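Participant: Sequence first, then the predicted structure:
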Amino acid sequence: MGKIRSGGEVSLIERQYWDARRHRDPVDDVTLDYVREQVLRPFYEGGSDKYTCNKIAFHGILNRCWEKKHVLDYACGDGFWAVYFALTGAGKVSGFDLSPVGIERGRERVTRQGLDSIVDLRTMDARRLEYPDNCFDLVIGHGAIHHTIKYPNVFAELHRVMKPGTSAFFLENLADFRPWRWHWKIKGPIAEGDVPIFTRELREKASMFAEMNITGDTLLYSIKMFWKRQPGPVGRWLLRLAKKSDDFLFRRFPSLRNCGSFSYIELKKGDQ
């Protein structure tokens, strides 16, 4: 695991992996109906993947705070969320990713949906962002930090391009959750560039930010990770029960959020 965290030649391996994957991914239009019915719908009610409930909670925290703002879609992949932000009221959306293929396919989607005047996607390295200082009103990343934290300078660059007083929001899985820690010990280095993130490491590397808020989520409901496809009736019942149990436990014992397998992270830049 040490080698993949070194920040050396891993970026090339990671880029090659994502280029190959993006070649296979469909570039369908992003529609609000699809996002509502699939991406932001509970997994046990037909959502498209086992992360849908965390995306729902994350977007609940965001509460469309991107409206009329200049948003950076951090590590944007193929531009799915960048297009969604544009369709739902963002004033301007910039997005970057390490994968040229992802950006190429994202631009195809942007053009096809008539959003070239709003959405700008570029191939870029998180260590050297090609944006001016203090230019973004808001930064949003879905599962991005566990790709970039292994490289030097990424938080300093993120801090640099944000306007004073603004926030960056990230949906992540933190390895403080013990089963994730076991998962990483077994898994070891992988070509897609994922690495475990720990709260202490995050606080150290992002220390230039004035404030960091971490809201943990998902305890018993972590069993959803065992499903590789849509659950049947019994599976849906079990997952629904686990989710309701988590909601009850978090209300009754708020400190349990520190043990969640997924987290919603806010990094806030100081006013000056």
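Facilitator: Nice, I can see it. Residues are numbered from 1 along each chain as shown.
Participant: residue boundaries of the strands in this protein?
Facilitator: With strands called from DSSP state E, the chain shows them at 70-73, 92-97, 119-123, 136-142, 162-172, 211-217, 262-268.
Participant: relative orientation of the lowest-mean-pLDDT helix or strand in the chain and strand 262-268 in degrees?
Facilitator: Least confident element among the helices and strands of the chain, by mean pLDDT, DSSP states H and E: helix 178-187 (a mean of 75). Angle of helix 178-187 versus strand 262-268, following axes from the mean of the first three to the mean of the last three Cα atoms, to 10 degrees, is 100 degrees.
Participant: Can I get helix 178-187 in PDB, CA atoms only?
Facilitator: C-alpha atoms of helix 178-187 as PDB (Å, rounded to 0.1, in the frame of the first residue of the first chain):
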ATOM      1  CA  ARG A 178     -12.600  -0.500  11.000                       C
ATOM      2  CA  PRO A 179     -14.100  -2.800   8.300                       C
ATOM      3  CA  TRP A 180     -12.800  -0.400   5.700                       C
ATOM      4  CA  ARG A 181      -9.400  -0.700   7.300                       C
ATOM      5  CA  TRP A 182      -9.500  -4.500   7.000                       C
ATOM      6  CA  HIS A 183     -10.800  -4.100   3.400                       C
ATOM      7  CA  TRP A 184      -7.700  -2.100   2.500                       C
ATOM      8  CA  LYS A 185      -5.300  -4.500   4.100                       C
ATOM      9  CA  ILE A 186      -6.700  -7.300   2.000                       C
ATOM     10  CA  LYS A 187      -7.100  -5.300  -1.200                       C
END
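Participant: Adding mean pLDDT, write the strands of the chain out as a markdown table.
Facilitator: Shown next, in a markdown table, are those (pLDDT from 0 to 100):
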| stretch | mean pLDDT |
| --- | --- |
| strand 70-73 | 98 |
| strand 92-97 | 97 |
| strand 119-123 | 97 |
| strand 136-142 | 98 |
| strand 162-172 | 97 |
| strand 211-217 | 95 |
| strand 262-268 | 96 |
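Participant: out of those strands, which comes closest to residue 191?
Facilitator: Comparing the strands of the chain by their distance to residue 191 (Cβ to Cβ), the top pick is strand 92-97, with 16.2 Å. Every residue, glycine included, has its C-beta placed from N, CA and C.
Participant: between that closest one and strand 119-123, how many degrees?
Facilitator: 20 degrees.
Participant: contact partners of strand 92-97?
Facilitator: Strand 92-97 has contacts (Cβ atoms under 8 Å, 6 or more residues apart in numbering) with 18, 66, 70-79, 82-83, 85-86, 103, 106, 118-124, 126, 129-131, 136.
Participant: Put the buried members of the residues you listed into a ChimeraX selection.
Facilitator: Here is the ChimeraX command that selects only those of the contacts of strand 92-97 that count as buried (16 or more other Cβ atoms under 10 Å):
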select :18,66,70,71,72,73,74,75,76,77,78,79,82,83,85,86,103,106,118,119,121,122,124,126,129,131,136
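Participant: and the lengthiest helix in the chain, which residues are buried?
Facilitator: If you go by DSSP state H, the chain has its longest helix at helix 233-252. Going by neighbour count (16+ other Cβ under 10 Å), the buried part of helix 233-252 is 235, 236, 238, 239, 240, 242, 243, 246, 250.
Participant: show me what contacts residue 170?
Facilitator: 74, 140, 141, 142, 144, 145, 264, 265, 267.
Participant: go again using 10 Å as the cut-off
Facilitator: Residues counted as contacts of residue 170 (Cβ atoms under 10 Å, 6 or more residues apart in numbering) are 58, 74-75, 139-146, 197, 202, 214, 263-267.
Participant: again with residue 208
Facilitator: Contacts of residue 208 (Cβ under 10 Å, 6+ apart): 155, 156, 158, 159, 160, 267, 269, 270.
Participant: The last one - nearest residue in space that isn't next to it in sequence?
Facilitator: Residue nearest to residue 270 in three dimensions, not counting chain neighbours: residue 210, with 3.7 Å by Cβ to Cβ, 6 or more residues apart in numbering.
Participant: Correct me if wrong: that neighbour contacts residue 268.
Facilitator: Yes: contact criterion Cβ atoms under 10 Å: residue 210 and residue 268 qualify, at 5.6 Å.
Participant: So which of these two has more stuff around it?
Facilitator: Between residue 210 and residue 268, counting by other Cβ atoms under 10 Å, residue 268 is the more crowded of the two (16 against 13).
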